[in-house]
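Colleague: any chance you could fold what I've pasted below:
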Amino acid sequence: MNPLNVEVSLFDDVTDKMPLGSVVLYEVIKNPPADLIAKVNAVRNEPDPKQQKKLKSEVGGITPSGTFKTRNAQGLIKHSGLIALDLDADKNPGLDFIDFKKNIVPSLPWVTACLFSVRGQGLVIYVPISNAELHAEHFDSLFDEFTGIGVKIDPACRDVCRFRFHTFDPAPYLNTEALKYTGLKKQRVTQVVRPACHGTGYSPGDDLFKWARKQIEGPKGVGAPVQFTDGQKHSYLFRLCSILNIYGMPQSEAEARIDAELFPVASITTNCISGPYSRYASEFGSKTFKRSGLHFPKRTQTKTTPATHTPNTLPDLDWLNTPAPEDTLPPGDVKFDMTNIRDLPPDPVPPVIIPPPEDVTQYAPAMFFDSRRDTVPDWGQRVEALRKFFEVNRIEDGLGLMLSLSETITDVSKFIDANMNLINNCPPIKTYEPYLLKTEQVARVIHRVNL
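Modeller: Numbers count the residues shown, from 1 in each chain. Just a heads-up that it's a prediction; the model follows:
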């Protein structure tokens, strides 16, 4: 049976949620109508990127993985038994797409069709799968298959309702006898080891995505409310992905949900999705989302009076001798260069030592916040004092430090470098004060250990 002889939903525009009807995929590939060929050629022959984008949006398209009542996962009527994979030029620099289509694709027995994309700068590959109910697991396995041969496919194709622009290839690769792909990759559940106050890990699902949108749209959310409307879409998606990144939603899943519920990912030309994931990669999964809300303990701080420095301290580092409430430990519990700490296996994700506040506004990137917030007094002097202290007190890589019975830094050197880089470059506002306070706490402990 020809795997391409299946019905898929037809859409007039990339933003449409309701289909025009259905069409047989094999006919669209093998015998495209003349007006569609003319539209595709117009896109490929247009030199101006902006005009090309406009022409591309007018081509229309299909949902290769099935027929839908509405273009979202819940609107699926019948799965086509196919996954369409995108090989984009920007994600595969240096790849010879003509050679790949001619020599590599025929060696893959489960590829039923391969043709050039609407702009002619990438490829679309159709793969029949053995179990339509395991669409995502099949995709994840295919992703690894192509990664293994040095090719990166678009992770947004994981979405079952993924929109695909019409295209035309005068010489498409077709294999109507293609085998069904049986590879599966089950989702791995990783228990992230963190300080006790951070919970046990990320709970995937719709709840996080919905909650993150409320943080952006609602009056009690993050910063000034923003709606997903023209002129605000980039800011909205950038904020949304920043929150999803912090709470551990993978970029591929975020793209799939955005494509299904908000806007076609294929039409996004800015870094509003990739930007937060790359810029704040060190914060991925650093917070835990729970359905009933966030359950983090309140953090209380007590003002302390700076004590006079001892001859062992630098002239402008008097605060090192000032005990802070969180530094209080039973005798003998402050240990540095501990063998048992050094020998522990590293955490799957670098541990975040700062006790989390009650809401995301004190932990998310600076673009969430009102620049009119009160600044932290003496920020510059305190950062400079830390810089001088750590210049004198260099810590060997790989050493651990126990701050309290529930807080351990497994690599002090990396922790210091990361926090110093952040407090040197972020605005001196209360949003970032926990980072400064924690870095000062580490310096106090190191100073006492070295006495």
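
Colleague: any idea how the protein splits into domains?
Modeller: Following automatic domain parsing, one gets these domains for the chain: 7-174, 196-283, 318-450.

Colleague: ok now the first one, how far from the chain's centre?
Modeller: Between the centre of domain 7-174 and the centre of its host chain there is 23 Å, according to Cα atoms, centre = their mean, to the nearest Å.

Colleague: the closest residue to residue 125 other than its chain neighbours: neighbour count?
Modeller: Spatial nearest neighbour of residue 125, chain neighbours left out: residue 85 (4.5 Å); criterion: Cβ to Cβ, 6 or more residues apart in numbering. C-beta: built from backbone N, CA, C; applies to glycine. Per other Cβ atoms under 10 Å, the neighbour tally for residue 85 reads 23.

Colleague: what of the one 3 residues further on?
Modeller: Look at residue 88: counted by other Cβ under 10 Å, it has 17 neighbours.

Colleague: touching, it and residue 122? I think so.
Modeller: Yes: Residue 88 lies in contact with residue 122 (Cβ atoms under 8 Å); the separation is 4.6 Å.

Colleague: that older thread, for the residue nearest to residue 125, which three-state class applies?
Modeller: Following DSSP: H, G, I helix; E, B strand; the rest coil, we place residue 85 in the strand state.

Colleague: quick one: pLDDT of it?
Modeller: As summarised for this prediction, residue 85 has a pLDDT of 95.

Colleague: wait, isn't it in contact with residue 153?
Modeller: Yes: in terms of Cβ under 8 Å, residue 85 counts as a neighbour of residue 153; the distance is 4.7 Å.

Colleague: so what's in contact with the two at the same time?
Modeller: When contacts are counted by Cβ atoms under 8 Å, 6 or more residues apart in numbering, the set common to residue 85 and residue 153 consists of 142, 146.

Colleague: how near is the residue lying closest to residue 79 once chain neighbours are set aside to residue 228?
Modeller: Computed as Cβ to Cβ, 6+ apart, the closest residue to residue 79 that is not its neighbour in sequence is residue 132, at 3.6 Å. Residue 132 sits at a distance of 31 Å from residue 228 (criterion: Cβ to Cβ, to the nearest Å).

Colleague: low pLDDT regions in the stretch 351-451 of the chain?
Modeller: 351-374, 404-406, 449-451 (pLDDT under 70).

Colleague: make that the chain, sorry
Modeller: Using pLDDT under 70, the flagged stretches of the chain are 186-206, 219-223, 290-374, 404-406, 449-451.

Colleague: where do the strands sit along it?
Modeller: 7-11, 21-24, 61-63, 66-68, 76-79, 82-87, 113-116, 123-128, 164-165, 173-174, 401-404, 407-409 (DSSP state E).

Colleague: closest to residue 183 out of those strands?
Modeller: strand 123-128 (9.9 Å; Cβ to Cβ).

Colleague: send me that closest one as CSV with only the CA atoms.
Modeller: These are the backbone C-alpha positions of strand 123-128, laid out as CSV (Å, rounded to 0.1, in the frame of the first residue of the first chain):
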residue,chain,number,x,y,z
LEU,A,123,14.0,19.5,2.3
VAL,A,124,10.8,17.9,3.6
ILE,A,125,10.9,14.1,4.3
TYR,A,126,7.8,12.0,4.8
VAL,A,127,8.2,8.9,7.0
PRO,A,128,5.4,6.3,7.7
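
Colleague: tell me which other helices or strands that strand touches.
Modeller: strand 82-87, strand 113-116 (3 or more Cβ pairs under 8 Å, 6 or more residues apart in numbering; DSSP states H and E).

Colleague: centroid-nearest residue for the protein?
Modeller: Nearest to the geometric centre of the chain sits residue 251, at 3.3 Å (Cα atoms, centre = their mean).

Colleague: residues in contact with the nearest residue to that residue once chain neighbours are set aside?
Modeller: Distances taken as Cβ to Cβ, 6+ apart put residue 277 closest to residue 251, at 4.6 Å, once the chain neighbours are dropped. With contact taken as Cβ under 8 Å, 6+ apart, residue 277 is in contact with 241, 245, 251, 254, 284.

Colleague: buried residues in the helix ranked longest in the chain, which are they?
Modeller: Of all segments of type helix in the chain, defined using DSSP state H, the longest is helix 433-450. Of all the residues in helix 433-450, those buried under the rule 16 or more other Cβ atoms under 10 Å are 433-447.

Colleague: CA atoms of it as PDB?
Modeller: Extracted as PDB, the C-alpha positions of helix 433-450 are listed here (Å, rounded to 0.1, in the frame of the first residue of the first chain):
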ATOM      1  CA  GLU A 433      19.700  41.100  45.300                       C
ATOM      2  CA  PRO A 434      19.400  37.400  46.300                       C
ATOM      3  CA  TYR A 435      22.300  36.600  44.000                       C
ATOM      4  CA  LEU A 436      24.400  39.300  45.600                       C
ATOM      5  CA  LEU A 437      23.500  38.200  49.100                       C
ATOM      6  CA  LYS A 438      24.300  34.500  48.400                       C
ATOM      7  CA  THR A 439      27.700  35.400  46.900                       C
ATOM      8  CA  GLU A 440      28.500  37.500  50.000                       C
ATOM      9  CA  GLN A 441      27.500  34.500  52.200                       C
ATOM     10  CA  VAL A 442      29.900  32.200  50.300                       C
ATOM     11  CA  ALA A 443      32.700  34.800  50.700                       C
ATOM     12  CA  ARG A 444      32.000  35.000  54.500                       C
ATOM     13  CA  VAL A 445      32.100  31.200  54.900                       C
ATOM     14  CA  ILE A 446      35.400  31.000  52.800                       C
ATOM     15  CA  HIS A 447      36.900  33.800  54.900                       C
ATOM     16  CA  ARG A 448      36.100  32.100  58.200                       C
ATOM     17  CA  VAL A 449      37.400  28.700  56.900                       C
ATOM     18  CA  ASN A 450      40.700  30.400  55.900                       C
END
